[in-house]
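1. below is the structure, and that's it, no one-letter string:
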Ligand SMILES: Nc1ncnc2c1ncn2[C@@H]1O[C@H](COS(=O)(=O)NC(=O)[C@@H](N)CO)[C@@H](O)[C@H]1O
């Protein structure tokens, strides 16, 4: 959400953001409602002043004047009462529209419609050339008896998965490795729930807009967050933090749930796109200083790259274009990791800077050096998400005999194992 004052003073900048982010919103309509609401409030204010002045005259008035004054008081009270529903309706409508106003992207963000117009910034690591025909994720899992997609589909329906034996250990090892890595880089580990109150999804910016992606537990007025960014972002909602408390930097882990309503037919096999997964998330809340925030952007991007380098996986960094960055972002890079069986890079991380857009909707403020209450800036990036990252991990490190070479960084989390699986 942007500051209404900013929108009033910079309508063209906001209209451009609406246009390049393909947001369905009419800024002129919002400003009209805003003007009407200001006029309504001024009208109510004038009537209240008149009613108070009138009320003061009643006790001093003579007998012949008093009835008229009392009647005037009643008429004024009626007029004020009649305006209240209009004022409330305008306030609700303005609030709903304000929640849809997109953030202003940095000038450096490429304008584009969708991910096909994202810009590759750099590649790290060289995709392996195999001296044998490599297997894909599902073939590797099934060859080692590490998965049973048919059986779990009977239990949980489509886009479900189970990992058995060493693959289950591998999933845990990857999560622990990422948590350890980020803790070593100074982020505070945090393990929490995906069960959230609905307003937390408005806080994070997922609502309005992402309602279709979220599982809802209607009997309990709770929902299942699609990323631990949501509960972490709302932890301090409505509080006044002190500048000394900042920056907050968490490495959070929880289960993550997504309906994937819009993904019909995509990635239906295997581990890439499932309804429940686990993610280690980097979340930063810092002072309202773009230079500092952009340093944090580089930091959490670098952390994720460090994790992938430790896993010895080739990847590339792309800058998301305006049409693929979502309403709240000022800047966004995806990290895509090489998947041999698809012979292409697939998204495994998403790094975002949101300015104070997310903090404003969440009510995340701190008292700055001058004692002023200021909305903080927030950023987030994936640390690691399983099972998706297991796809490049298994495929890139497979050996001719179907076993998996364990990257050195992971071995401490797998009891020192250097190889997973049996030659088949
Ligand atoms: N349905 C899914 N199944 C498996 N992994 C998923 C799924 N959806 C997202 N992920 C993983 O979670 C990562 C982050 O998801 S994201 O929506 O792009 N971004 C976020 O959630 C941000 N909070 C940064 O983590 C993705 O890059 C991907 O690795």
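-> On my side now, so go ahead. As the structure is a computational prediction, the values presented were derived from the model and not from experiment.
2. all helices for the stretch 301-424 of the chain, in order.
-> 357-362, 390-396 (DSSP state H, counting those that start in this stretch).
3. around the ligand, pick out the residues from the stretch 301-424 of the chain.
-> Neighbours of the ligand within the stretch 301-424 of the chain, by Cβ under 6 Å from any ligand atom: 347-350, 380-382, 385, 388. Where C-beta positions appear, they are placed from N, C-alpha and C, glycine not excepted.
4. 8 Å instead?
-> Neighbours of the ligand within the stretch 301-424 of the chain, by Cβ under 8 Å from any ligand atom: 334-335, 347-352, 380-383, 385-389.
5. among the residues you listed, which are located in strands?
-> Among these, the residues falling in strands (DSSP state E) are 334-335, 347-352, 380-383, 385-386.
6. just flag the most distant two among the residues you listed.
-> 352 and 386 (20.4 Å; Cβ to Cβ).
7. does anything pack onto the lengthiest helix in the chain? Which helices or strands?
-> Ranked by residue count, the top helix of the chain under DSSP state H comes out as helix 66-100. Counting contacts by 3 or more Cβ pairs under 8 Å, 6 or more residues apart in numbering; DSSP states H and E, helix 66-100 is packed against helix 27-57.
8. which other helices and strands contact the helix it packs on?
-> So helix 27-57, by 3+ Cβ pairs under 8 Å, 6+ apart, packs with helix 4-9, helix 11-20, helix 66-100.
9. and if we set it to 6 Å?
-> Contact here means 3 or more Cβ pairs under 6 Å, 6 or more residues apart in numbering; DSSP states H and E; on that basis helix 27-57 packs against helix 11-20, helix 66-100.
10. how about the first one: buried residues?
-> I take that to be helix 11-20. Within helix 11-20, the residues scored as buried using 16 or more other Cβ atoms under 10 Å are 14, 16-18, 20.
11. ditto for the last one
-> The neighbour-count check on helix 66-100 (16+ other Cβ under 10 Å) flags 69, 72-73, 76, 80, 87, 90, 93-94, 97-99 as buried.
12. from these, which is closest to residue 372?
-> residue 98 (21.8 Å).
13. now the longest helix of the chain, how far from the chain's geometric center?
-> Relative to its chain's centre, helix 66-100 lies at 38 Å (Cα atoms, centre = their mean, to the nearest Å).
14. paired strands for the next helix or strand after it, with orientation please.
-> Using DSSP states H and E, the helix or strand that follows helix 66-100 in sequence is strand 119-124. Partner strands for strand 119-124, per DSSP bridges, with pairing direction: strand 315-319 (antiparallel).
15. show me the contact partners of the partner strand.
-> Strand 315-319 is contacted from outside by 118-124, 308, 333-337, 345, using Cβ atoms under 6 Å, 6 or more residues apart in numbering.
16. how about CSV for these, with distance to residue 217, pLDDT and neighbour count added?
-> Shown next, in CSV, are the contacts of strand 315-319 (distance: Cβ to Cβ, whole Å; pLDDT from 0 to 100; neighbours: other Cβ atoms under 10 Å):
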residue, distance to residue 217, pLDDT, neighbour count
118, 35, 98, 21
119, 40, 98, 14
120, 40, 98, 11
121, 40, 98, 10
122, 42, 98, 9
123, 42, 98, 15
124, 41, 98, 15
308, 35, 98, 23
333, 34, 98, 22
334, 30, 98, 24
335, 32, 98, 23
336, 33, 98, 21
337, 33, 98, 23
345, 36, 98, 21
